[in-house]
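[1] just a sequence and a predicted model for now, questions to come.
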Amino acid sequence: MLVLKVRETYKAPYHKNKYLTIKKKDVESMAILKKHISQFTRNWSSGIYDIQFVQKEGTYMQNAIYATFCRVEIREGKVSKLEKASPYTKKIYPCWQYFKRKKRTIKKTPVKKKTVKKKPVKKKVTKKKSVKRTSTKKKK
């Protein structure tokens, strides 16, 4: 990847470090990418840098076409900011597609269920009717 130093009126290749290699494992998260780039930026002057990748290979007669992979702000040799979108076109940089989103699980606090007190069910009392027995004795 090509490194360009962004100035107020133009971008120019950074002569101390013209190229960087960034692999997929280096772009798993924003923190990993910052740490990887910080390995190279210890001697860089403070400012904004564009890291560009080859979008279309060049031929003998045509130059390669580059596109910006990410824009980085360096302060005292460390990556202080990783821009999400281009300040001119407002398009999101391609590096953000590679960052894996961690699923955040929100712990739900158990809600105390209100216990509904059941009213005691009154049993229906039915009065037993007395049944008169008639005695039938057999006569002999």
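    Noted; the coordinates are in hand.

[2] show me what the strand or helix carrying Ile74 is packed up against.
    Assigning secondary structure by DSSP states H and E places Ile74 in strand 65-75. Here strand 65-75 touches strand 47-56, strand 78-82, going by 3 or more CB pairs under 8 Å, 6 or more residues apart in numbering; DSSP states H and E. C-beta: built from backbone N, CA, C; applies to glycine.

[3] what strands line up against the last one, and which way round?
    On the basis of DSSP bridges, the sheet neighbours of strand 78-82 come out as strand 65-75 (antiparallel).

[4] next, the buried residues of the partner strand.
    66, 68-72, 74 (16 or more other CB atoms under 10 Å).

[5] just for this structure, where's the confidence low?
    15-16, 101-108, 110-111, 113, 131, 133-140 (pLDDT under 70).

[6] which parts of it are helices?
    30-38, 95-98 (DSSP state H).

[7] dump the ones you listed into TSV; add mean neighbour count and distance to Lys117 as well.
    As requested, those are exported to TSV (neighbours: other CB atoms under 10 Å; distance: least, CB to CB, whole Å):
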stretch	mean neighbour count	distance to Lys117
helix 30-38	16	54
helix 95-98	15	56
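
[8] how about the ones you listed in TSV, adding distance to Val125?
    Shown next, in TSV, are the helices of the chain (distance: least, CB to CB, whole Å):
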stretch	distance to Val125
helix 30-38	76
helix 95-98	76
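
[9] count of residues packed around Tyr93?
    Using other CB atoms under 10 Å, Tyr93 has 18 neighbouring residues.

[10] let me know whether it touches Pro87 as I believe.
    No. Counting by CB atoms under 8 Å, Tyr93 does not reach Pro87; the two are 11.0 Å apart.

[11] contacts only, for Leu33.
    Contact analysis of Leu33 by CB atoms under 8 Å, 6 or more residues apart in numbering lists 22, 26-27, 70, 82, 95, 99.
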